[in-house]
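Participant: Pasting a predicted model and its sequence here:
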Amino acid sequence: MANKTLGEMISSLRKEKNMTQSDLAEKMNVTDKAVSKWERNLSCPDISSIPKLSEILDVSVEKLLNTQTKYNSSKMEDIINVSLIGISLAMGICIIVTSILKQIDMNNAIIMLGIGICCLSIYLLKNK
């Protein structure tokens, strides 16, 4: 079971028990679509349901969770890029608004500007 993702682990254990996705879904009180997403690593079971899942699949929680995490790297890249740009924009907007309202001092404005510039620099260097 080593080097398997959580989804692969759930799928193989379910098949060993001769269960369909619908069977597992019924026992877990979720939809078969949820089980399908788990097995395709598109989502994960709720953390509070892991003990029940391990009981149904007759495996320890530790063994079930001792899996690789599989991320869609392009989605992660998109999230990181949007976050960096968003932080840069948010810092700039915050400085402008608080300056207009005369609610920010120079030291805080410089710190916020530095954070924004750093995030923008990281984004530009990362995507060079």
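Facilitator: Yes, it's here.
Participant: which helices and strands does the lengthiest helix in the chain pack with?
Facilitator: Counting by DSSP state H, the longest helix found in the chain is helix 73-100. Other helices and strands packing on helix 73-100, by 3 or more Cβ pairs under 8 Å, 6 or more residues apart in numbering; DSSP states H and E, are helix 106-126. The way it works is simple: take the backbone N, C-alpha and C, and place the C-beta from them, glycine included.
Participant: in the helix it packs on, what's buried?
Facilitator: Residues of helix 106-126 classed as buried under the neighbour-count rule (16 or more other Cβ atoms under 10 Å) are 109, 112, 116, 119-120, 123.
Participant: pretty sure Cys44 is touching Ile10, no?
Facilitator: No: taking Cβ atoms under 8 Å as the definition, Cys44 is not a contact partner of Ile10, at 9.5 Å.
Participant: Among the two, which residue is more densely surrounded?
Facilitator: When Cys44 and Ile10 are compared on other Cβ atoms under 10 Å, the one with more neighbours turns out to be Ile10, at 25 against 15.
Participant: Tell me how far that one lies from Asn66.
Facilitator: Distance of Ile10 to Asn66, given as Cβ to Cβ, to the nearest Å: 13 Å.
Participant: Okay, angle between the longest helix of the chain and helix 106-126 too, please.
Facilitator: Counting by axes from the mean of the first three to the mean of the last three Cα atoms, to 10 degrees, helix 73-100 lies at 160 degrees to helix 106-126.
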